[in-house]
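Q: following is a predicted model, sequence given first.
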Amino acid sequence: MLLGKGLGHVAGRYTQPNAPLYPAITLQKHSSAAKHSRPQPDRRRVSCQAVEQQGATTSTLVQQNGNGNGIAAELDEQQEAARKLAATDPCVGYNLPKSDWSVSSLSVVVLGASGDLAKKKIFPALFSLYYEGLLPENFQIFGYARSKMSDEEFRNMIEATLTCRVNARERCAEAQEVFLKRCFYQSGPYDAPDGFKQLSTRLSELEAIKPRANRMFFLSIPPNVFLAATGNAADHARSSTGWTHVIVEKPFGRDSESSRELGRGLARHLREEEIYRIDHYLGKELIENLTVLRFSNRVFEPLWSRQYIRNVQIIFSENFGTEGRGGYFDQYGIIRDVIQNHLLQIVALFAMEQPVSLDAEDIRNEKVKVLRSMKVVTPDDVVLGQYKARGKLPGYLDDQTVPEGSLTPTFAAIAMFIDNPRWDGVPFLFKAGKALHKRYAEIRVQFRPVPGNLYREKQGADPDAACNELVIRIQPKEAIYLKINNKVPGLGLRLDQTRLDLQYQEQYTSELPDAYERLLLDVVNGDKRLFIRNDELEAAWDLYTPVLHELERSQMAPELYPYGSRGPLGAHYL
């Protein structure tokens, strides 16, 4: 891999491992009396705990009674009844909390309803939740934007974006028809209250059949109208009988000061518990699986430290350029657009200590500790690049929406370090870029060589080639695999590196939900585990603001790399 070779001065910075930092974790059985003090399971993941306990109970009773056929049959019936209940009740099937929707309604308002994000992601995600039975019986969806549009025109606009999963095609057309009847549109400005007052009146009319009304606002709008729209929604369209949740899409400012200004503006109208700062990367299946992989598997947790891990690489690669959207991208660049949020959030989850529970605040407390322990990025830690034309493939500056002579990087490789006992000296290497050789995102965990390796002579001259590596492929074709060294079958002794491989498409038949489905469902349920807290956002910006200002002040020219390549050569020597 590009960042896996020639770590240069970064590799020279980490210290040699000392004695084990953390003792092996001992898993203790809990009594039934203590079960309420244990961390609660993931609210969306179907729990197999009850089935496992029943299986263990069956085995015990068989041993005690000699013949457990009758008992086993009875427990099989109980398991079958539980499976049938899960199939008919989505809250059971997805291990969700029971909400009393018999007395409550749900209104979802999408601000910026005519934009690409709303049409491509938000409305399809809401329809998928409806199709799966995860929205309450009384719900309505409102689009809000400045464009003039009737309810019927709005429904026609979003109808083409609604699809059912491959494994869920039954009643798809019928479900779409019912869903569209729940969709309405309200036009109005973002910076004036009139449209929001009219919106609230229409919402109240539809919500009147229930004593409690819950309202959810998604801000799919440009940053320059964030505060005006949020203030008008909170002041003139807030629910007076239930909760109000406001989802804020990135960018959350351009640096520490602008982010704090945005935070102060939101705080004038909303409480922190009402604000959901969304990073859609945290809703991806493999990202949510990070904590499960680490904390529920005994084999990984003892290895998760500087004693065994040589470096961690977080890679985000796109095989396309700005394609006419360079004007927007040029305002931010690849560091602000991808690394400071998506990739840094992944590292916070990857490197955090085990939280006290799966409660949102406990998880976010640990993430903040990681961010506050990281070294502030300096220009010496960064390699910048910008793609240029290659054959018929245009360069970044060929995009007519990009300012002439722009120095905005479309590629960045950054080395970061965490100054705490677990990770001291281990480089976390970020790589993100556009117009690269392929599209993928993954986490690569490279382990240290085996000390005193008996098979050193059999593994070739490159010791790195024989190191174990854990790869978590986030997209596409989600997978988790571990590279191990193995004897090639046959006479003699020849070693090869192979994989222990989990391919999600092969192992699981169901289609994976989109990240926005998971995150919108969390907002409905009031679950903030995958959303960014204000102090977490401040800590993230404090790490990058100095280097961003320095790069802009010095007008550092990015290294050019051809469209479709692996990026600038300088990234090899970071």
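A: Thanks, I have it.

Q: wait, is residue 218 part of a strand?
A: Yes: counting by DSSP: H, G, I helix; E, B strand; the rest coil, residue 218 is located in a strand.

Q: return the set of residues that bridge with it.
A: Note on residue 218: beta-bridge partners residue 110, residue 247, judged by DSSP bridges.

Q: also residue 416?
A: Here residue 416, judged by DSSP bridges, has bridge partners residue 428.

Q: so who does it touch?
A: 347, 374, 375, 377, 381, 427, 428, 429, 430, 543 (Cβ atoms under 8 Å, 6 or more residues apart in numbering). All C-beta spots, glycine's among them, are computed from the backbone N, C-alpha and C.

Q: isn't residue 266 right up against residue 248?
A: Yes: contact status for residue 266 versus residue 248: in contact at 7.1 Å, counting by Cβ atoms under 8 Å.

Q: what's the overlap in contacts for those two?
A: What both residue 266 and residue 248 touch, as defined by Cβ under 8 Å, 6+ apart, is the set 230, 275.

Q: could you say which helix or strand holds residue 497?
A: Counting by DSSP states H and E, the element that carries residue 497 is strand 495-503.

Q: low-confidence ranges, the stretch 401-550 of the chain, go.
A: Applying pLDDT under 70 to the stretch 401-550 of the chain picks out residues 460-461, 463.

Q: residue 136: what secondary structure?
A: coil.

Q: quick check: it vs residue 323, distance?
A: 39 Å (Cβ to Cβ, to the nearest Å).

Q: what about those two, which has more around it?
A: Applying other Cβ atoms under 10 Å to residue 136 and residue 323 shows that residue 136 carries more neighbours, namely 17 against 12.

Q: list the contacts for the more buried one?
A: So residue 136 contacts 99, 101, 104, 105, 106 (Cβ under 8 Å, 6+ apart).

Q: ditto for residue 347
A: 312, 314, 370, 416, 428, 430 are the contacts of residue 347 under Cβ under 8 Å, 6+ apart.

Q: tell me how many other residues surround the third one.
A: Yep, that's residue 370 we're talking about. 22.

Q: please apply the same query to the last one.
A: Counted with other Cβ under 10 Å, the burial measure for residue 430 works out to 28 neighbours.

Q: list the contacts of it.
A: 314, 339, 343, 344, 347, 412, 413, 414, 415, 416.

Q: before we move on, what SS does it have?
A: Assignment for residue 430 (three-state DSSP): strand.

Q: can you tell me the closest non-neighbouring residue to it?
A: Closest residue in space to residue 430, ignoring its immediate chain neighbours: residue 414 at 4.4 Å, by Cβ to Cβ, 6 or more residues apart in numbering.

Q: can you confirm the one you found is in a strand?
A: Yes: Residue 414: assigned to a strand according to three-state DSSP.

Q: quick one: it and residue 145, what's the gap?
A: 37 Å.

Q: next: residue 325.
A: 19 Å.

Q: of those two, who's got more company?
A: residue 145 (23 against 13).

Q: could you measure from the more buried one over to residue 187?
A: The value you get for residue 145 to residue 187, if Cβ to Cβ is used, is 7 Å.

Q: got the contact list for whichever helix or strand residue 233 is part of?
A: Here residue 233, judged by DSSP H and E, is contained in helix 226-236. Contacting residues not belonging to helix 226-236 are listed as 109, 111, 190-193, 195-197, 200, 217, 219, 221, 244, 246, 248, 262, 265-266, 268-270 [Cβ under 8 Å, 6+ apart].

Q: among the residues you listed, which are located in strands?
A: The members of the contacts of helix 226-236 that map onto strands under DSSP state E are 109, 111, 217, 219, 244, 246, 248.

Q: mind putting these in TSV, neighbour count and distance to residue 364 included?
A: Formatted as TSV, the ones in strands among the contacts of helix 226-236 follow (neighbours: other Cβ atoms under 10 Å; distance: Cβ to Cβ, whole Å):
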residue	neighbour count	distance to residue 364
109	24	26
111	28	25
217	28	22
219	22	21
244	19	21
246	24	18
248	23	16
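
Q: looking at these, which is nearest residue 474?
A: The closest of those to residue 474 turns out to be residue 248 (Cβ to Cβ; 23.1 Å).

Q: and that closest one, what does it touch?
A: 219, 226, 230, 266, 275, 276, 277, 278.

Q: looking at the residues you listed, which gets the smallest pLDDT?
A: When these are compared by pLDDT, residue 226 scores lowest at 88.

Q: what's the separation between it and residue 136?
A: 28 Å.

Q: repeat for residue 384
A: Counting by Cβ to Cβ, the gap from residue 384 to residue 136 is 48 Å.

Q: go on, residue 509?
A: From residue 509 over to residue 136 (counting by Cβ to Cβ), the distance is 28 Å.

Q: contacting residues for the residue positioned nearest the centre of the chain?
A: By Cα atoms, centre = their mean, the chain has its centre lying nearest to residue 282, at 1.3 Å. By Cβ under 8 Å, 6+ apart, the contact set of residue 282 is 288, 345, 349, 515, 519, 530, 531.

Q: surely the first one touches residue 518?
A: Yes: counting by Cβ under 8 Å, residue 518 is a contact partner of residue 288 at 7.2 Å.

Q: so between the two, which is more surrounded?
A: Taking other Cβ under 10 Å, residue 288 and residue 518 do not tie; residue 518 has more neighbours (22 against 18).

Q: now that one: which helix or strand?
A: Going by DSSP H and E, residue 518 is part of helix 515-525.

Q: got the contact list for that helix?
A: 43-44, 96-97, 99, 106, 121-122, 124-126, 128-129, 134-135, 216, 218, 245, 247, 276, 278, 280-284, 288, 528-531.

Q: just say helix, strand or coil for residue 387.
A: Residue 387 - assigned by three-state DSSP - is strand.

Q: bridging residues for residue 485?
A: Counting by DSSP bridges, the residues bridging with residue 485 are residue 497.

Q: returning to what we had before: hang on, the residue nearest to the centre of the chain in a helix?
A: Yes: under three-state DSSP, residue 282 falls within a helix.

Q: tell me where the stretch 301-450 of the chain has helices.
A: In the stretch 301-450 of the chain, the helices defined using DSSP state H, counting those that start in this stretch lie at 326-329, 333-334, 344-351, 360-373.

Q: got these as CSV, with distance to residue 498 and mean pLDDT columns?
A: Shown next, in CSV, are the helices of the stretch 301-450 of the chain (distance: least, Cβ to Cβ, whole Å; pLDDT from 0 to 100):
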stretch, distance to residue 498, mean pLDDT
helix 326-329, 40, 86
helix 333-334, 35, 94
helix 344-351, 25, 95
helix 360-373, 33, 95
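
Q: please identify the most buried of those.
A: The highest mean neighbour count among these, using mean count of other Cβ atoms under 10 Å, belongs to helix 333-334: a mean of 24.

Q: now it, how far from the chain's geometric center?
A: 19 Å (Cα atoms, centre = their mean, to the nearest Å).

Q: other SSEs contacting that helix?
A: strand 411-416 (3 or more Cβ pairs under 8 Å, 6 or more residues apart in numbering; DSSP states H and E).

Q: helix 344-351 and the strand it packs on, what's the angle between them?
A: 40 degrees (axes from the mean of the first three to the mean of the last three Cα atoms, to 10 degrees).

Q: dump strand 411-416 to PDB, restricted to CA.
A: What follows is strand 411-416, C-alpha atoms only, in PDB (Å, rounded to 0.1, in the frame of the first residue of the first chain):
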ATOM      1  CA  PHE A 411      -5.000  14.800  -1.800                       C
ATOM      2  CA  ALA A 412      -3.400  14.800   1.700                       C
ATOM      3  CA  ALA A 413      -1.400  12.300   3.700                       C
ATOM      4  CA  ILE A 414      -1.000  13.100   7.400                       C
ATOM      5  CA  ALA A 415       0.800  11.400  10.300                       C
ATOM      6  CA  MET A 416      -0.700  11.800  13.700                       C
END
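
Q: list the buried residues in that strand.
A: 411, 412, 413, 414, 415, 416 (16 or more other Cβ atoms under 10 Å).

Q: now stretch 128-137
A: Result for stretch 128-137 [16+ other Cβ under 10 Å]: buried residues 128, 129, 130, 131, 132, 134, 135, 136.
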